[in-house]
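[1] sequence and predicted structure, then a few things I'm wondering about:
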Amino acid sequence: MQRETITSAATGAAVSHKEKPLWKRFIMQWQVQVMIFPALIFILIFNYFPMYGVFMAFQDYSLFKGFFGSDWAGMKHFEAFFNSPDFFRVMRNTIVISLLKLFIGFPAPILLALMLNEVRNMVFKRVIQTISYLPHFLSWVIVSGFVISLLSVDNGSLNILLDKLGLIDKPVNFLSLPEYFWTIIVTTNVWKEVGFATIVYLAAIAGVDQSMYEAASIDGASKLKQIFLITLPSIMPVIIIFLILNIGSLLNAGFDDLLLLGNSAMLRDVADVIDTYAYRVGIINNRFSYAAAVGLFKAVISVGLLTLANFLARRAGTSLW
Amino acid sequence: MVRKITLHTLLWIVALLQLFPLIWLINYSFLKSGDFFGSSILKWPEKLEWSNYINAFTYGSVPKFLWNSAFITTAAILVAAVLSLMLSYAFTRMEWRLRGVTMAFIMLGMIVPIHATLLPNFILFNWLDLLDNPLSLILPYIAFSLPISMLIISGFLVTIPKSIEESAVMDGCSVYGVIFRIILPMTKPALATACIMNFISWWNEFIMANTFLTSEKFKTLPFSIMKFAGQYSSNYGAQFAVMTMIALPTVIIYLMFTEQMSRGITAGAVKG
């Protein structure tokens, strides 16, 4: 009640505004509308409006004819994608890269958070945290720039190191050999995001009731036992929610990193995932409708995966919705 | 005791691994081009080779890219800050029909992945004749900043008591007076968090910049590395100098505001 009177007093809107037609009331309240509408229009145009792109998947879209002038093509582009030699390769890369990122990138921050939680010296903890968050704030352009340099043949540090340790005879061109690519991508990703991902887990661990640890140590439980029997079960809901989100985005194998590090034609066989493939054929080769079909196919599967993951989580006792 | 030493050693190794590429980057940006070929991993130069930075500035039209980056990022951040402040005020302090729906609408905008909008936005900008125009970056940057900024600011706003605004309204202050003269100074910490996060994402943003800007005139700083890698590929020193220059502002800002930022992020995460 009070809030309503404040706003109406502030905007100068009369109390009897109810009787006037909608548009007149709308104009009279322009001061309040200005607070919402610009932001709403921005989000509508740049976040939601692009969704019309999914319809392009069923068209033969041409830039000159526009959306309404282009001919409808039915499922043609989907069939073309499923039958293309790229389909199997792109799907395999997407799933493999994504699963590798999940298996290694998901437990890593939990482990780091558990380790950080055991540190009693606050200054030391802060220093380690600050350093480990840092890479998250670097652009992929820079990260890929120095990954390329670190791994290069001429004077790359990794080659120098391996040579000094006597593990290799001559420098290896890591970034042009397909067999190394997945390792490089996963390592780089873990390196960049591990610290930042600990923030949430550390916050969850901080919320655990301290009296449980006291009781456990009186009963003689070791530190390791306390981690497995108190800390991990207590933060399990958070872990499960993040796991669901990760499974739901299984087809998001990455974009910037793959585009920048897997740019060379030699790596296309192992580096092409759905998103980078759609980007390349769509914007670089101008096959808009084909790219839209690839994107829509991915979106449909992703929604299915998210629903499945949530179903599994609900059976485990926690769920997103 | 043994346990503590193992733990600390492990964590130091993690920290070192996280930090090494950055030290390496800065180290190499001060080397003479001839010094690169050798057999050690880090090579401390006898004297700092500032000429790499000078080269980067003179050859690669870096000043222009730097200016473009600064201009585009600042414009996007400022507009996003004003809009999300007004939004947060309307969502937390006013009661109106469809408020919940509108809020959900804005928050759901966060789910839309940027690369899914690339193609339709490319067509839209082509139609509006905005391709190769700074606006083609500023506008979507603002849009993608709004949901998260609103989340941070309104999360902070609900913790501020209403009595100050109420007395201001009694004294005849308008809504905008309340927002910009009372709410703005009080929400400074949250506004700063939102601005820093937006700064870091847009300063580093690369895919949209590479897609919507076709000529070099308005390209932003991340693009300059691509250009260096192609055109001046032998000039390693200058390449590393450019990378250091791109990384430095984000690193400095991050180090200045770490505390504030991780608090802002956890506040949102725990509530969500």
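    Yep, that arrived. It should be emphasised that the depicted structure is a prediction, and the values quoted were computed from it without experimental measurement. Residues are numbered from 1 along each chain as shown, chains lettered A, B, ... in the order given.
[2] from the middle of its chain, how far away would stretch A:42-57 be?
    Taking the mean of its C-alpha atoms, stretch A:42-57 sits 20 Å from the chain's own mean (C-alpha atoms, centre = their mean, to the nearest Å).
[3] quick one: check that stretch for contact with chain B.
    Yes: residues of stretch A:42-57 contacting chain B under C-beta under 8 Å from any C-beta of the partner chain: A:Phe42, A:Ile43, A:Ile45, A:Phe46, A:Asn47, A:Tyr48, A:Phe49, A:Pro50, A:Met51, A:Tyr52, A:Gly53, A:Met56. For the C-beta atoms, the positions are set from N, CA and C on the backbone; glycine is no exception.
[4] what sits up against that stretch?
    Stretch A:42-57 is contacted from outside by A:67, A:70, A:77-78, A:288-289, A:292-293, A:295-296, A:299, B:83, B:105-106, B:109, B:112, B:116-117, B:119-121, B:124, B:139-140, B:142-144, B:146-147, using C-beta atoms under 8 Å, 6 or more residues apart in numbering or on different chains.
[5] look up how far chain B lies from A:Gly66.
    Distance of A:Gly66 to chain B, computed by C-beta to the nearest C-beta, to the nearest Å: 7 Å.
[6] where does that residue land on pLDDT?
    In this model, A:Gly66 is scored at 72, pLDDT.
[7] burial check on the nearest residue to it once chain neighbours are set aside, number of neighbours?
    Of all residues not flanking A:Gly66 in the chain, B:Trp127 sits nearest, at 7.4 Å (C-beta to C-beta, 6 or more residues apart in numbering or on different chains). As a burial measure, B:Trp127 scores 12 neighbours (other C-beta atoms under 10 Å in any protein chain shown).
[8] go on, A:Thr198?
    Neighbourhood size, A:Thr198 [other C-beta under 10 Å]: 25.
[9] does it really touch A:Ser132, like I thought?
    Yes: under the criterion of C-beta atoms under 8 Å, A:Thr198 makes contact with A:Ser132 at 7.1 Å.
[10] overlap in contacts, the two.
    Counting by C-beta under 8 Å, 6+ apart, the residues touching both A:Thr198 and A:Ser132 are A:Leu112.
[11] any idea which helix or strand carries the residue lying closest to B:Leu221 once chain neighbours are set aside?
    For B:Leu221, ignoring the flanking residues on the chain, the nearest one in space by C-beta to C-beta, 6+ apart is B:Ser69 at 4.1 Å. Element membership for B:Ser69 (DSSP states H and E) is helix B:62-93.
[12] also A:Trp182?
    helix A:178-206.
[13] repeat for A:Leu308
    helix A:288-316.
[14] who are the packing partners of that helix?
    The contact analysis (3 or more C-beta pairs under 8 Å, 6 or more residues apart in numbering or on different chains; DSSP states H and E) places helix A:288-316 against helix A:53-56, helix A:76-83, helix A:232-248, helix A:274-279, helix B:114-127.
[15] okay, the angle between the second one and helix A:288-316?
    The one in question is helix A:76-83. For helix A:76-83 against helix A:288-316, the angle by axes from the mean of the first three to the mean of the last three C-alpha atoms, to 10 degrees is 70 degrees.
[16] immediately after helix A:76-83, which helix or strand?
    Assigned by DSSP H and E, the successor of helix A:76-83 is helix A:86-105.
[17] same question for the next helix or strand along the chain from that next one: list its buried residues.
    With elements assigned by DSSP H and E, the helix or strand that comes after helix A:86-105 is helix A:107-117. Neighbour-count burial for helix A:107-117, counted by 16 or more other C-beta atoms under 10 Å in any protein chain shown, picks out A:Ala108, A:Pro109, A:Ile110, A:Leu112, A:Ala113, A:Leu114, A:Met115, A:Leu116, A:Asn117.
[18] out of those, give me the two with the largest separation.
    Across those, the longest distance by C-beta to C-beta is 15.0 Å; it joins A:Ala108 and A:Asn117.
[19] what about the helix holding B:Ser69, average pLDDT?
    Rounded mean pLDDT across helix B:62-93 is 92.
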